[in-house]
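Asks: Generate coordinates for the sequence data below:
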Amino acid sequence: MRFLYNQQATDTQRLHNGAMPGGWESIPLKMIATLRKGKKPHKVDKTLWPGAIPYIDIEAFEKGNIRRYADSESSTLVDKGEIVVVWDGARCGHVGKAPKRGVLGSTLGAIEPVLIHPDYIFRFLQSSYDTINTNPRGIGIPHVEPQLFWNLEVPLAPLAEQKRIVAKVEELLARVNTTKDRLTKVSKILRRFRQSVLAAACSGRLTSDWREKKPTVEQAINLIRRIMDERLMRAKNSREKEKIINLYEESKRRSVQNDVKQDLPVTWSFCEVNELGDVCNGSTPSRKHPEYWGGGIPWISSGEIQNNIIKETRETIGKEGYKNSSVRMLPVGTVLLAMIGEGKTRGQTAILDLEATINQNIAAIIISHGLISSKYLWYWFQCQYEFTREIGGGSGPQALNCQRVRELSLNLPPIEEQQEIVRRVEEMFKLADVAEKRVGIATSRTEKLTQAILAKAFRGELVPTEAELARREGRPYETASDLLARIKSQHESKEVIERRRHNKT
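Replies: Next up, the predicted model:
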């Protein structure tokens, strides 16, 4: 790429607005750097063969994960540590360093500064990401707009000052990164704290002192009998009563077969979800009928199940959608469990704070008798998240179903202790929420620090300027204008050599 020097003197005078530090110049990027655009290699393979070198595609560039190798002939080579910019794609304008020597992918480009400290240009381009990425060229895959990119105004410091600026930036950013690492560790500690609280709550350790003060509390085994009696009393007919009796007998039979041994407090009991309430799922009204949707009846998809309390829904259905699908209105306090999903969704849970319907990928545990704390059950599922996901695993589709949910086991405390557990968990989670909020604020501030440091660097505010030091020490110094003259001279010398070679051939 050719440099445009014809009007260098007038351009730099015009761009110099009086706000630049002494000895600096504002200069277009195209006058001090060139680009080697990546190419598509002739051969790319996952295996290494003689003459092949690492293929640096976008993933290898951003994550340092070399997955493939390429033929170096007729390819764009890059050395480890060279400045690389994402030229095509959603992240166009993102700048980093080549993780190792290799072949540069076609969506990337290597930036070569001319007589400029490489890290000075690297940090400048980092500070300019928002500008570069705001106007990506092209239809379909975004591209860096070359005109915008090469006309970026670089606040150019004298070379000696560039080195000091880079050293100071590296020092400050190292501190910022250390702070980020510490904040990340705090976030992990808070997540472990919440899980530890749930583990203590669901094993009885959290309320051991409470039980000592409540020796006459109703035992959970009696609570289960009361729940069964209440459900039998509410049964609409003899067939429904028989079904309820059978499910309790099946649960007991499975418990004996599995020889369940739990180190539980004497007032607690081991049981299945089936023994606590009805389990059902919902459905999705046909999307082919617009009149089925938007009618004001809350409808929940599995993506909304995020260990949360649901107070509103993303979508609603109408009366026609309700009539023409297998949905049912679920009461407030119903506990929901996502049954499908290979990501985080499967096994996550929620609790309804409004009456709503659900889709077919969610199991609803309806606690209509009021003898179980819905929130305790909600916390139990959160505690058992990994185990529940494993139950829904296997070689086929990663999914639970309503029958598997009915057979999920749990540790059941007396109802009074359930309520005390919920109170204590919420109290401790509030403390974690406060700490998490502070970590979030600190993280946000830290993220802004990098750009703030870079902004100060390119205003000449991080280190004493070369002009100041030279004045104090009574010595001359090379200004940015002098540096530009050297760049021009070097470029012209290369052009002369290239013309001579061309003439000889």
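Asks: Contacts made by the longest strand along the chain with the rest, please.
Replies: Secondary structure of the chain per DSSP state E: the longest strand is strand 293-300. Taking contacts as Cβ atoms under 8 Å, 6 or more residues apart in numbering, the residues outside strand 293-300 that touch it are 282, 285, 287, 310, 312-313, 315-322, 327, 329, 336, 350, 354-359, 362. Just so you know, the C-beta spots here come from the backbone N, C-alpha and C atoms, and that holds for glycine as well.
Asks: Inside helices: which ones of these?
Replies: The helices, defined by DSSP state H, take in K319, E320, G321, Y322 from the contacts of strand 293-300.
Asks: ok, the third one - contacts?
Replies: Taking Cβ under 8 Å, 6+ apart as the criterion, G321 is in contact with P285, H289, E291, Y292, W293, G295, I297, W299, V327.
Asks: Now that we have these, which of them are buried?
Replies: Listed as buried from those are P285, Y292, W293, I297, W299, V327; burial here means 16 or more other Cβ atoms under 10 Å.
Asks: Relative to R287, how far out is the third one?
Replies: In this structure, W293 and R287 are 8 Å apart, going by Cβ to Cβ, to the nearest Å.
Asks: so what sits against both of those two?
Replies: With Cβ under 8 Å, 6+ apart as the test, W293 and R287 reach no residue in common.
Asks: The longest strand of the chain pairs with which strands, parallel or anti?
Replies: strand 315-317 (antiparallel), strand 357-358 (parallel) (DSSP bridges).
Asks: Put together TSV for these, with distance to E447 and mean pLDDT on each row.
Replies: Written out in TSV, the entries for the strands paired with strand 293-300 read as follows (distance: least, Cβ to Cβ, whole Å; pLDDT from 0 to 100):
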stretch	distance to E447	mean pLDDT
strand 315-317	33	96
strand 357-358	37	97
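Asks: Pick the most buried one from the ones you listed.
Replies: strand 357-358 (a mean of 28; mean count of other Cβ atoms under 10 Å).
Asks: what sits up against it?
Replies: 281-282, 297-300, 317, 322, 327-330, 336, 364.
Asks: With stretch 419-430 instead?
Replies: By Cβ under 8 Å, 6+ apart, stretch 419-430 touches 194, 197-198, 201-202, 206-207, 210, 373, 375-376, 379, 413.
Asks: one more time with 7 Å, if that's ok
Replies: R194, V197, L198, A201, L206, T207, W210, S373, K375, Y376, Y379, P413 (Cβ atoms under 7 Å, 6 or more residues apart in numbering).
Asks: try stretch 239-253
Replies: M228, R231, L232, A235, C271, E272, N274, E275.
Asks: And for stretch 344-352?
Replies: By Cβ under 7 Å, 6+ apart, stretch 344-352 touches 302-303, 305-310, 330, 332-340, 374-375, 378, 381-382, 385, 388-389, 392, 398, 400.
Asks: Now that stretch: average pLDDT?
Replies: Stretch 344-352 carries an average pLDDT of 93.
Asks: from the contacts of stretch 239-253, which ones fall inside strands?
Replies: Counting by DSSP E, those contribute C271, E272 to strands.
Asks: Relative to K63, which of the contacts of stretch 239-253 is nearest.
Replies: Proximity of the contacts of stretch 239-253 to K63 (Cβ to Cβ) peaks at E272, which lies at 44.1 Å.
Asks: Mind checking what secondary structure the nearest residue to the closest one once chain neighbours are set aside has?
Replies: Distances taken as Cβ to Cβ, 6 or more residues apart in numbering place S251 nearest to E272, at 4.5 Å, with adjacent residues excluded. Assigned by DSSP: H, G, I helix; E, B strand; the rest coil, the conformation of S251 is helix.
Asks: Thank you kindly, that will do.
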